[in-house]
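> just the structure for this:
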Amino acid sequence: MSPDSPMNYVDLATSHQFLAEYEFAHGNDPVPNLLKAEENYRKAIELAPELFRAHANIIWTYATMVSMGYKHRTVSDLLRKSEEHFERCVGSNPGYYNCYELLAHFYLVIAKDSYRHTG
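Modelled structure (predicted):
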């Protein structure tokens, strides 16, 4: 596989995503790894705009940002970006169920976050 293969960036991003979740679960700051995950998914998309797996997985990163209380971006901004990536994901591969699953996950995270703040 070429060093500039889009799938290399997807795999690297996914590793950062899992590392962020591990860090969060152990009381450490997940933000650096979440930002690296987003950066690498974006690089994969830049190299291969039709790469549905990258579009789906970046939604997972945005949902994780909301669920972990990342406050440097608004929930509405992350939702807008997630919906854009969802459209590109299903546009590239309408049968890829992760597109639907991860956007649904994002909506559930928003509902839980909203409930948590309204009590």
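
> show me what the mean pLDDT comes to for stretch 7-14.
Averaging pLDDT along stretch 7-14 gives 97.

> only alpha carbons, please: show that stretch as PDB.
Output in PDB follows, covering the C-alpha atoms of stretch 7-14 (Å, rounded to 0.1, in the frame of the first residue of the first chain):
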ATOM      1  CA  MET A   7      -7.100   3.900   3.500                       C
ATOM      2  CA  ASN A   8      -3.800   4.400   5.400                       C
ATOM      3  CA  TYR A   9      -5.200   7.700   6.700                       C
ATOM      4  CA  VAL A  10      -8.600   6.100   7.600                       C
ATOM      5  CA  ASP A  11      -6.800   3.400   9.600                       C
ATOM      6  CA  LEU A  12      -4.600   5.900  11.300                       C
ATOM      7  CA  ALA A  13      -7.600   8.100  12.100                       C
ATOM      8  CA  THR A  14      -9.500   5.100  13.500                       C
END
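
> residues in contact with the helix or strand Val90 falls within?
If you go by DSSP states H and E, Val90 is part of helix 75-92. Residues outside helix 75-92 that contact it (CB atoms under 8 Å, 6 or more residues apart in numbering) are 49-52, 55-56, 58-59, 62-63, 65-66, 96, 98-100, 102-103, 106, 110, 113. In this view, the C-beta of every residue, glycine as well, is placed from N, C-alpha and C.

> name only those of these that count as buried.
51-52, 55-56, 58-59, 62-63, 65-66, 98-99, 102-103, 106, 110 (16 or more other CB atoms under 10 Å).
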